[in-house]
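1. with the sequence up front, the predicted model follows.
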Amino acid sequence: MAMGPVSRRGHGRRRAPMAEINVTPLVDVMLVLLIIFMVTAPLLVAGVPVKLPDSKAGALDQDDKPIQVSMDGDGKIFVDEDQVALSALPARLQDKAAAKPGGEAPQIYLRADAGLDYGRVMAVMGELNHAGFNKVALVTTQSEQQGK
């Protein structure tokens, strides 16, 4: 008797390919991802908690992501989420501007707490202007009395 590969011609039945796809695990994963994005999306808008003042001004149209300078209720200054001293603010913004493509100065969004002293906010704006950043927008919340 010769030993070799055994051929099974016609001796076994082949399985038919499965024509159904179970989509339940896919739907479960998608729902979990949707919930994760719904929870994390509001946290990505602003990392520093600031109580913004109200205003009747409308929103600005913006193509590029601006640099956010925030001042909390204690007067601490943040560039995006990193705390910065007032004296180091121009150098930090110059570094951020150099990292962005294009030759013009980027848009700066200044978010200051409503309870802050006017002088502190003006000191930060003065530093921004002195550093050459002239495109500064003050961020506020939309006033409820928009139509009045």
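-> Perfect, thanks for sending it. Numbers count the residues shown, from 1 in each chain.
2. hey, let's count contacts and neighbours off CA atoms from now on
-> OK.
3. tell me the contacts of R14?
-> Under the criterion of CA atoms under 8 Å, 6 or more residues apart in numbering, R14 has no neighbours.
4. quick check: which element contains it?
-> For R14, there is no host helix or strand (DSSP states H and E).
5. measure it to I21 for me?
-> 20 Å (CA to CA, to the nearest Å).
6. what of L34?
-> 22 Å.
7. same thing with Y109?
-> 49 Å.
8. swap in Q83?
-> In terms of CA to CA, Q83 sits 52 Å off from I21.
9. just A112 next, same as before
-> 54 Å.
10. what do you get for V29?
-> 15 Å.
11. neighbour-wise, which of these two wins?
-> Neighbour count, other CA atoms under 10 Å: between V29 and I21, V29 has more, with 10 against 6.
12. same for the strand or helix carrying V124, what does it pack against?
-> According to DSSP H and E, V124 maps onto helix 118-130. Contacts defined by 3 or more CA pairs under 8 Å, 6 or more residues apart in numbering; DSSP states H and E place helix 118-130 against helix 89-99.
13. alpha carbons of the helix or strand just after the helix it packs on, in CSV - could you do that?
-> The helix or strand immediately downstream of helix 89-99 is strand 108-112, counting by DSSP H and E. Only the C-alpha atoms of strand 108-112 are listed here, as CSV (Å, rounded to 0.1, in the frame of the first residue of the first chain):
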residue,chain,number,x,y,z
ILE,A,108,-6.2,85.1,18.3
TYR,A,109,-9.3,84.4,20.3
LEU,A,110,-9.2,86.1,23.7
ARG,A,111,-11.5,84.4,26.2
ALA,A,112,-11.6,86.3,29.5
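14. thanks a lot, see you next time.
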